[in-house]
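> Here is my input, please return the structure:
(2 chains)
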Amino acid sequence: MSKNDQTASFLLRFTQVIFKDKTGKADVQWRGKITHVQGNDQKNFSELKDAIGFIQNKLSDLTISSIKEDLSPKEKEGILNKSMDIWKKLAKSYPKMVAEAIKDPKAQVIQIQEQISSKAEDLSNLLHLESYKPTSKSDIQELSHQISQLTDLVAKLQKKVDNIDRKISKS
Amino acid sequence: MIKFDDTHIENLLEARQKADLEIITLGSFTLILNGEEISDNWGRDKAIQLFQFLIISRNRMALHKEMIIDRLWEEAGSDQTFKVALHEIKKVIEPKTNKRGNTKYIQRQGSSYKLNMENIWLDSQVFKSFIEIGNKLYSEQKELAILSFQSAINIYKGVFLPNRIYEDWTSSERENLQMLALNAFVSLSELLLNEQPKETIRLTEEALNIDQTWEEAYRIQMMAHMLNGNRPQALKCFEKCKNILNKEFGIDPLPVTIDLFNNIKTK
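Numbers count the residues shown, from 1 in each chain, chains lettered A, B, ... in the order given. This is a model prediction of the structure:
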């Protein structure tokens, strides 16, 4: 069986349309298109669940065509169920992630902020400052210089994230 | 930020004459070496795949051959497959270079490989450059923006590597180029709307051939039909847009499109 027989690749296109509704209020709409590369089939969608359904159909077809003919019906059923279980798990989490990325940029900012805080903690853990025993005055100076650079870097990143956060809150 | 002017456009237009190797990837895959077209079946499919993969990866760092083998052929590929494919490419595009030497078009760094674009004219790359210039000049230098978009459109003969549409390593480049083509057709149609409504209609049709749900193209086409004195056709165009959006997305046209339709209806 060739690589293409066992692979399903999907290409997702999202187009954002910002417009004014009848009352003049700004609104946003997402239009999507999903392409199954190996079959070159395409589907337009405005709700993510339609794209998920499209993927699910293609993956079912792939699993069915990949099951060897000489397996017993029970074995075939087992493989199909297992394959669908894996997909269901993915399908539950992935759309949520994509939807959040589209609908809630603010949540992403909070996530980035949390990541920065967590990285800063990781950095201080990695440095093991309490156990660091400098041997000379220049070591101490070098260390404090590095810490100061890191602190500046984290502060700059934090500032950038705060700016993005402010812009999003305003919009 | 680079400031573009007519020299950039001229340089791009002249670049093709200066190149030794011309590569066509839009609408077909053709190689032209020193002005002579190399026949379609110049190598085994794996050699052609390898060359096309190097074209797609031209802006990245040199790629390790293991990575190339894995991406293109997985278990069906080996060191030997790679070696044979590379040899075939060199035989065709650089017949005078010896087997082991560093060649003019394919640079080797240890076990990594990269295409050297210095003497190569690649249609998709020039196409992207024209669109980049067109977009930058769009609001301030209309005439040059028109020239740039027109030059891009002249190069666009169809989708990227059409014989590879089922192979996923080509998908992202194809999608990227298709969206740029859509952008070029729509932008140029907007720029030509008042002076050349008939050409605008043709360009919006081209855009809709790429994506039949592109609502902006319908709006521009409706306006072009009106400027052309064809009100019934403008109204028909709205109906088509409405039906397609409903069929494909289950949505209505945007308020701005509906307003345009209402304006046309009452005229």
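> who in chain A is up against chain B?
Taking CB under 8 Å from any CB of the partner chain as the test, the list of chain A residues beside chain B reads A:2-4, A:7, A:9, A:11, A:13, A:17, A:19-22, A:29, A:31, A:33, A:35, A:37-40, A:44-46. The way it works is simple: take the backbone N, C-alpha and C, and place the C-beta from them, glycine included.
> Identify the residues contacting the spatially most central residue of chain B.
The geometric centre of chain B, computed from its C-alpha atoms, lies nearest to residue B:177 (CA atoms, centre = their mean), at 3.9 Å. Remark: with contacts taken as CB atoms under 8 Å, 6 or more residues apart in numbering or on different chains, residue B:177 is in contact with B:26, B:124, B:127-128, B:159-160.
> switch to 6 Å and redo it
Contacts here follow CB atoms under 6 Å, 6 or more residues apart in numbering or on different chains; on that basis residue B:177 touches B:124, B:160.
> Could you do the one 10 residues further on as well?
Going by CB under 6 Å, 6+ apart, residue B:187 touches residue B:149.
> Figure out the helix or strand that it lives in.
When secondary structure is defined using DSSP states H and E, the element that contains residue B:187 is helix B:171-192.
> In the strand or helix carrying residue B:237, which residues are buried?
Using DSSP H and E, residue B:237 sits within helix B:231-249. Within helix B:231-249, the residues that count as buried by 16 or more other CB atoms under 10 Å in any protein chain shown are B:234-235, B:237-238, B:241-242, B:244-245, B:248-249.
> Select the helix or strand of the chain having the lowest average pLDDT value.
No chain in the question, so chain A it is. Of all regular secondary-structure elements in chain A, judged by mean pLDDT, DSSP states H and E, the least confident is helix A:105-127 with a mean of 54.
> try chain B instead
helix B:6-18 (a mean of 85).
> quick one: the helices in chain A?
Read by DSSP state H, chain A holds these helices, from start to end of the chain: A:3-6, A:48-66, A:73-103, A:105-127, A:137-170.
> hey, least reliable of these by pLDDT?
When those are ranked by mean pLDDT, helix A:105-127 comes last with a mean of 54.
> returning to that earlier point: residues contacting the helix holding residue B:237 from elsewhere in the structure, which ones?
With CB under 6 Å, 6+ apart as the test, helix B:231-249 has contacts from A:31, A:44, A:46, B:212-213, B:218, B:221-222, B:225-226, B:251, B:253, B:261, B:264.
> need the contact list for the nearest residue to residue A:35 once chain neighbours are set aside.
When the adjacent residues along the chain are set aside, residue A:35 lies closest to residue A:11, with 4.3 Å between them (CB to CB, 6 or more residues apart in numbering or on different chains). Counting by CB under 6 Å, 6+ apart, residue A:11 touches A:35, B:171, B:175.
> Now for the last one, how many residues are close by?
Read that as residue B:175. Neighbour count of residue B:175, defined by other CB atoms under 10 Å in any protein chain shown: 17.
> gap between it and residue A:35?
8 Å (CB to CB, to the nearest Å).
> related to what we said a few turns ago, report the two of the contacts of helix B:231-249 separated the most.
Set against one another by CB to CB, the contacts of helix B:231-249 have their most distant pair in A:46 and B:226, with a gap of 28.9 Å.
> So which of those two has more stuff around it?
residue B:226 (19 against 15).
> what separates that one from residue B:220, distance-wise?
Plainly put, residue B:226 is 11 Å away from residue B:220 if you go by CB to CB.
> What of residue B:88?
Computed as CB to CB, the residue B:88 to residue B:220 distance reads 47 Å.
> do the same with residue B:186
From residue B:186 across to residue B:220, the span is 7 Å (CB to CB).
> Tell me the residues of the stretch 151-267 of chain B that contact chain A?
On the criterion CB under 6 Å from any CB of the partner chain, chain A has as its neighbours in the stretch 151-267 of chain B the residues B:165-166, B:168, B:171, B:175, B:213, B:248-249, B:251, B:254-255.
> So how do I select the buried members of these in PyMOL?
Here is the PyMOL command that picks out the buried ones among those, judged by 16+ other CB under 10 Å:
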select buried, chain B and resi 165+168+171+175+213+248+249+254
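> Adding pLDDT, write the residues of the stretch 151-267 of chain B next to chain A out as JSON lines.
Below are those laid out as JSON lines (pLDDT from 0 to 100):
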{"residue": "B:165", "pLDDT": "93"}
{"residue": "B:166", "pLDDT": "93"}
{"residue": "B:168", "pLDDT": "91"}
{"residue": "B:171", "pLDDT": "94"}
{"residue": "B:175", "pLDDT": "95"}
{"residue": "B:213", "pLDDT": "96"}
{"residue": "B:248", "pLDDT": "96"}
{"residue": "B:249", "pLDDT": "95"}
{"residue": "B:251", "pLDDT": "95"}
{"residue": "B:254", "pLDDT": "95"}
{"residue": "B:255", "pLDDT": "95"}
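> any idea how chain A splits into domains?
Here the domain assignment for chain A is A:3-103, A:105-170, based on automatic domain parsing.
> For residue B:130, which non-adjacent residue is spatially closest?
Leaving out its chain neighbours, the residue that sits closest to residue B:130 by CB to CB, 6+ apart is residue B:152, at 3.7 Å.
> what about that neighbour, which SS state?
With DSSP: H, G, I helix; E, B strand; the rest coil as the basis, residue B:152 sits in helix.
> and it, what pLDDT?
At residue B:152, the pLDDT recorded in the model is 96.
> My guess is it contacts residue B:131. True?
Yes. Under the criterion of CB atoms under 6 Å, residue B:152 lies in contact with residue B:131, with a separation of 4.9 Å.
> Identify the contacts common to the two.
A shared contact of residue B:152 and residue B:131, defined by CB under 6 Å, 6+ apart, is any residue touching both; here these are residue B:184.
> Who has more neighbours out of these two?
In this view residue B:152 and residue B:131 are compared by other CB under 10 Å, and residue B:152 has more residues nearby, 26 against 23.
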